[in-house]
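Participant: could you look at this predicted model? Sequence included:
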Amino acid sequence: MRVVTALVAIAALIALPFLASGATLDIANQILLATIGAIALMLLTGFAGQISLGHAGLLAAGAFTAGILAQEIAAPFWIGIPAAALTGALLGVIFGLPSLRLRGIYLAVSTLALHFLVVYVGGEYETRRGFSTGILIDPPVVFGFEFWDPVAWYPVLLVVAVLVWLLARNLLRSRTGRAWAAIHDTEPVAAALGINVARTKLWAFVISSAITAMAGALFAYYRGFVSIEAFSLFVTIQYVAMIIIGGMGSLLGAVLGAAFVTILPHAIEAASGVLPSSGGLAGSIFAMNYAAFGLIMIAFLVFEPGGLVGILRRIGGKRGTR
């Protein structure tokens, strides 16, 4: 069943550009971008057990790195994306250091400072350079082909998402992944087993931050502009919701959570459009999204801590017993 499901999913992903409209492909691209960021957060929180509330700040750091390089020195994307990943890795070192002494809510608050710092720096750059509506970025060009529409971007983002998933899967099977699992369970026991806890934690922050910043740079190139308003604290809440709803400690959970959280606002908007009082609900869609995220996260935490992956496993187990 797993092989059949995988083949069907691969066939659907390949056929999507030929069957879907531009709007549908745009949603698919948003899911792929969210998948990259969700996998990065899952590595840090779901597997290494390190809490972070600075995810939106890392996305903004990657996006602004690509935008500033494109604006100031006309750097192409093959320089902007690695530079964004390097920026993320550097921030991962800086803001991973508190994890060596802080845990729980104190670590979460320290990572939250990352968000406000990046937002402040990005806002100052926009103001001083006069980019009131954001930094414009020209579409990437490869061999004379310009990537500007969802159809052209879809295979690129799909390949990047698959590569990030494979990288994460191999990391989890390596000595680094086993060390993350050990410190996630019990740090004193991990240290007693000879694991360098400090180095392992820092590696988790560095790898996760680099992937997240790369996702932010891809988002900037895909949208064609960078604005600090796109990286509010609500974005961090969305990514936390992705790994909770999808299922903590599962790469498949990161993918399912990214798809669910990305599609949810569109589903709410579509549902409000068919209701009799849709005109009065038009201004409340954003508030409805907030309420929906809160209710769904509470429901999963209380009734299904395993997330969507837990539901799938239970369904598969029931089928296996028949």
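Facilitator: Alright, I've got the coordinates. Numbers count the residues shown, from 1 in each chain.

Participant: what's the burial count for the nearest residue to residue 196 once chain neighbours are set aside?
Facilitator: Counting by CB to CB, 6 or more residues apart in numbering, the nearest residue to residue 196 once its immediate chain neighbours are dropped is residue 179, at 8.0 Å. Yep, even glycine has a C-beta here, placed from its N, CA and C like the rest. For residue 179, the count of nearby residues is 22 (other CB atoms under 10 Å).

Participant: and residue 179, that one's in a strand?
Facilitator: No - per DSSP: H, G, I helix; E, B strand; the rest coil, residue 179 lies outside any strand segment and is helix.

Participant: tell me which residues touch it, please.
Facilitator: Residues in contact with residue 179 (CB atoms under 8 Å, 6 or more residues apart in numbering) are 190, 195, 196, 200.

Participant: try residue 219
Facilitator: Taking CB under 8 Å, 6+ apart, one finds 33, 59, 62, 63, 230 in contact with residue 219.

Participant: where does it sit: helix, strand or coil?
Facilitator: Per three-state DSSP, residue 219 ends up helix.

Participant: against residue 107, how distant is the residue nearest to residue 76 when sequence neighbours are not counted?
Facilitator: Nearest residue to residue 76 in three dimensions, chain neighbours excluded: residue 140, at 7.2 Å (CB to CB, 6+ apart). Note on residue 140: its distance to residue 107, by CB to CB, to the nearest Å, is 36 Å.

Participant: how far does stretch 77-87 sit from its chain's centre?
Facilitator: 17 Å (CA atoms, centre = their mean, to the nearest Å).

Participant: actually stretch 16-24, not the one I typed
Facilitator: For stretch 16-24, the distance to the chain centre is 23 Å (CA atoms, centre = their mean).

Participant: stretch 240-254 too?
Facilitator: That offset, for stretch 240-254, works out to 11 Å (CA atoms, centre = their mean).

Participant: cool, stretch 79-97 as well?
Facilitator: 15 Å.

Participant: quick revisit: isn't the residue nearest to residue 76 up against residue 81?
Facilitator: No - using CB atoms under 8 Å, residue 140 makes no contact with residue 81, being 9.2 Å away.

Participant: for the two, list the residues in contact with both.
Facilitator: Joint contacts of residue 140 and residue 81 (CB under 8 Å, 6+ apart) are residue 221.

Participant: these two - which one has more neighbours?
Facilitator: Under the criterion of other CB under 10 Å, the comparison of residue 140 against residue 81 puts residue 81 first, with 24 against 21.

Participant: not counting its neighbours along the chain, what's nearest that one?
Facilitator: Spatially, and ignoring its direct neighbours in sequence, residue 81 is nearest to residue 217 (4.9 Å; CB to CB, 6+ apart).
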